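*Asks:* Predicted structure and sequence below. I'll ask about it afterward.
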Amino acid sequence: MASVKLDRVNKVFDSTHIIKDVDLDIGDGEFVVFVGPSGCGKSTLLRLIAGLESISDGELSIGETVVNELPPRERGVGMVFQSYALYPHMTVYENMAFGLKLAKKARETIHERVMATARILQLEELLDRKPKALSGGQRQRVAMGRAMAREPRILLFDEPLSNLDASLRVQMRNEIARLHNRLGSTMIYVTHDQVEAMTLADKIVVLNGGRVEQVGSPHELYQRPATKFVAGFIGSPTMNFLLASLAGHPEAGCRVSVEGVGDLALPQQAGEHAAGTALSLGVRPEHLRLAEASGDNAFEIVNVEYLGNEVYVYLDARDGGPLLIHRSEAPSRWQEGQRVALSPDPQHVHLFDGEGRALPAATARAAA
Amino acid sequence: MTSRRFNKLAARVGFWGLVALVVVVAVFPFYYAVITSLKPSGDLFRVELWPSTLDLANYVQVFTQRSFIQAIFNSILVATSVVFIALLLGITASYALGRVRFRGRSTVLLVILGVSMFPQVAVLSGLFEVIRALNLYNNPGGLILSYTIFTLPFTVWVLTTFMRQLPMELEEAAIMDGATPWITITKVFLPLMWPAMATTGLLAFIAAWNEFLFALTFTLTDSQRTVPVAIALLSGGSAYELPWGPIMAASVIVTVPLVVLVIIFQRRIVSGLTAGAVKG
């Protein structure tokens, strides 16, 4: 049993409230990723679970036990640090054996476990080396091996790939995913990179300002973001947001008038909002359709990026906000300086109210 | 010869000239002590830069004095004890001051620094009372205590600075591995702090080895004296003669252990003095 349960967990540093009422259920064997911008509290949350920081209020359980007051070594957790933090004066073998020695395991058990871990991580050739004689990727693997050797019930990763270069990062990302499949242990992973989150996670926890914005599978978060923050954070390039106002409530769904686009009939239910309410319409770059146009409602193309397999077209947002992005498969007929009209695909747009909450889609769309 | 090459040559000559000047100023007094110690007593006041005769009589005279041999042993005992105690307390204190967040930490550091600002003479009488009360008068223990008091501030400051530079995640990794603070200090930090410990330990050793005022005040009999006092109290043939030759010989003898220690720890010291200057 290695599930983790957080019940209204809070963390206050001096006078700063860093973690606010976090409720979270992590199942046995799940790969959970905490993601969010820097300063959102994701690392602090991980350190609370590890036991490196004390919990100010709330309850944290691992398995069936409340572990608020337990020191890290009694929680059955292993941690991989961002800087690896290998012991520089010990060999790879000694690094991995250190925790086992402190746990007073028999010499044969230690040897067995270290060798088994080394086999899984392909570190057998490196056991006699010191960390300074290892490459970045190898150090990364030793750091994982050290955390794994004690056979913890839960493995914690604190931005483990951020010190690696781009190609190695993709490779290690794959290795971590395969490792999870193979070990089947519970893993909690912190990153600020939404691509890592999307590719690794069974379940993503999006944090913002110390609160949980949304918890869900990568698919759920991409398809049905619960807030404007999640919508903007997940997905690359980011979602476009257009100003809109509620025009009316027909039978199923609503009508909104979108600035620079016109009126749209959408499947979202806006029952609680009065006509005229200001809304934000979100549409992903691949769901934005362009058509040649002129006149007041046209947007100007300010840049076209060619990426080989696809093309990003950047449009001047007339309200002074960030550039709008349209994505399509290459080749593209659009060129800089052209003026175009936008038509979002009504089946794939999101509506957010003034507080950034998504309006629920009508049942027909939710099923689809 | 072009002016450029001339400038280059002049710069080189100037550089090595300055180096030579520094070396002469630094080494000459010691060199003069060495050659003086090798002169027969009659030649003492004849100034010469190269000894014309080699006479080991001064050395023989020093080594035949039982009290001097005893003084060397006392010095070794006192200096090594001071180094050991200062490093032990220094390491543990620096862990607390460098790693543990607690209220009043910087105040404690400033007080420690403040203690070392007083001149020795200022605390001499007070310390004398302390040592008498502890029944350590005329005992190496009194010297060990007083030297440790004066060595600790420096040791704690230097080691605290080093301790702070060790990455936080290293300690946290040890905590995750189940290490107690004592294990973390001895198994993880200590091996990484060798350069700092060699540097501070050696400086503490030199300070204790060469100290004179406390050693003179807190000891009474020949059997308890340390080397600097023993040298100062070497007696000549009559009350009116200062035995310069034996004094120089004794000085050379007691400097040798320091030189040997510095050579042994040289590499550690150099890396200790530069570590922390650059990240890495």
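*Replies:* Ah, there it is.
*Asks:* got the residues of chain A near chain B?
*Replies:* Along chain A, the residues adjacent to chain B under the rule CB under 8 Å from any CB of the partner chain are A:50, A:52, A:71-73, A:77-79, A:81-83, A:85-89, A:98-99, A:102-103, A:146-147, A:150. No exception for glycine: its C-beta is placed from N, CA and C like everyone else's.
*Asks:* all helices of chain A, in order?
*Replies:* Ranges of helices in chain A, per DSSP state H, are A:42-50, A:92-102, A:107-120, A:136-149, A:166-183, A:194-200, A:218-223, A:228-233, A:363-367.
*Asks:* from memory A:Leu290 sits against A:Asp345, does it?
*Replies:* No: contact between A:Leu290 and A:Asp345 fails when scored by CB atoms under 8 Å: they sit 11.8 Å apart.
*Asks:* The two: which has the busier surroundings?
*Replies:* Just comparing A:Leu290 and A:Asp345: by other CB atoms under 10 Å in any protein chain shown the higher neighbour count belongs to A:Leu290, 19 against 12.
*Asks:* what's that one in contact with, if anything?
*Replies:* Each residue near A:Leu290 by CB atoms under 8 Å, 6 or more residues apart in numbering or on different chains is listed here: A:Val313, A:His326, A:Trp334, A:Val340, A:Ala341, A:Leu342, A:Ser343.
*Asks:* 10 Å instead, please
*Replies:* A:299, A:301, A:313, A:315, A:326, A:328, A:332-334, A:338, A:340-343 (CB atoms under 10 Å, 6 or more residues apart in numbering or on different chains).
*Asks:* so which residue of the stretch 251-368 of chain A comes closest to chain B?
*Replies:* The nearest approach of the stretch 251-368 of chain A to chain B comes at A:Gly356, 35.2 Å away (CB to the nearest CB).
*Asks:* Please pick the buried ones from the contacts of A:Leu290.
*Replies:* Burial by neighbour count, judged by 16 or more other CB atoms under 10 Å in any protein chain shown, picks out A:299, A:301, A:313, A:315, A:326, A:328, A:332, A:334, A:338, A:340-343 from those.
*Asks:* what does the average pLDDT come to for stretch A:175-187?
*Replies:* In this model, stretch A:175-187 has an average pLDDT of 91.
*Asks:* Check which residues of stretch B:180-188 are buried.
*Replies:* So stretch B:180-188, judged by 16+ other CB under 10 Å, has buried residues B:Pro181, B:Ile183, B:Thr184, B:Ile185, B:Lys187, B:Val188.
*Asks:* lowest confidence element among the helices and strands of chain A?
*Replies:* Lowest by mean pLDDT, DSSP states H and E among the helices and strands of chain A is helix A:363-367, with a mean of 45.
*Asks:* At which residues are the strands of the stretch 251-368 of chain A located?
*Replies:* Per DSSP state E, counting those that start in this stretch, the stretch 251-368 of chain A carries strands over the ranges A:254-258, A:262-266, A:278-283, A:288-292, A:299-306, A:310-315, A:324-329, A:339-344, A:349-352.
*Asks:* any idea which of these is most buried?
*Replies:* The highest mean neighbour count among these, using mean count of other CB atoms under 10 Å in any protein chain shown, belongs to strand A:349-352: a mean of 25.
*Asks:* start to end distance for stretch A:228-239?
*Replies:* Start-to-end span of stretch A:228-239 (CA to CA, to the nearest Å) is 9 Å.
*Asks:* So for that stretch, what gets flagged as buried?
*Replies:* A:Lys228, A:Phe229, A:Val230, A:Ala231, A:Gly232, A:Phe233, A:Ile234, A:Gly235, A:Thr238, A:Met239.
*Asks:* Up against chain A, what does the stretch 101-250 of chain B have?
*Replies:* B:166-180, B:183, B:187-188, B:190-192, B:194 (CB under 10 Å from any CB of the partner chain).
*Asks:* got CSV for the strands of the stretch 251-368 of chain A, with mean pLDDT too?
*Replies:* Listed next are the strands of the stretch 251-368 of chain A as CSV, based on pLDDT from 0 to 100:
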stretch, mean pLDDT
strand A:254-258, 88
strand A:262-266, 86
strand A:278-283, 91
strand A:288-292, 89
strand A:299-306, 91
strand A:310-315, 93
strand A:324-329, 92
strand A:339-344, 89
strand A:349-352, 92
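*Asks:* quick one: A:Arg318 and A:Val258 touch, right?
*Replies:* No: between A:Arg318 and A:Val258 there is no contact under CB atoms under 10 Å: 11.9 Å.
*Asks:* Name the residues contacting each of these two.
*Replies:* With CB under 10 Å, 6+ apart, A:Arg318 and A:Val258 have common neighbours A:Leu242, A:Leu243.
*Asks:* quick revisit: make TSV from the helices of chain A and add distance to A:Gln268 to it.
*Replies:* Formatted as TSV, these follow (distance: least, CB to CB, whole Å):
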stretch	distance to A:Gln268
helix A:42-50	30
helix A:92-102	52
helix A:107-120	48
helix A:136-149	44
helix A:166-183	35
helix A:194-200	24
helix A:218-223	14
helix A:228-233	13
helix A:363-367	8
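*Asks:* So which of the ones you listed is nearest B:Gly126?
*Replies:* Smallest distance to B:Gly126 across the helices of chain A (CB to CB): 45.6 Å, for helix A:92-102.
*Asks:* next one: that closest one to chain centre, how far?
*Replies:* Its chain's C-alpha centre and that of helix A:92-102 lie 32 Å apart, by CA atoms, centre = their mean, to the nearest Å.
*Asks:* Counting by contacts, list what it packs against.
*Replies:* Packing contacts for helix A:92-102, counted by 3 or more CB pairs under 10 Å, 6 or more residues apart in numbering or on different chains; DSSP states H and E, involve helix A:107-120, helix A:136-149, helix B:168-176, helix B:181-183.
*Asks:* Out of these, flag the one nearest B:Trp50.
*Replies:* Using CB to CB, the helices and strands packed on helix A:92-102 put helix B:168-176 closest to B:Trp50, at 55.9 Å.
*Asks:* And the closest one, what does it pack against?
*Replies:* Against helix B:168-176 (3+ CB pairs under 10 Å, 6+ apart) you get helix A:42-50, strand A:77-80, helix A:92-102, helix A:136-149, strand A:154-158, helix B:66-99, helix B:181-183.
*Asks:* Pick the most buried one from these.
*Replies:* It is strand A:77-80: most buried of these by mean count of other CB under 10 Å, with a mean of 27.
*Asks:* Now do that strand: which elements does it pack against?
*Replies:* Strand A:77-80 packs on helix A:42-50, helix A:136-149, strand A:154-158, strand A:186-191, helix B:168-176, going by 3+ CB pairs under 10 Å, 6+ apart.
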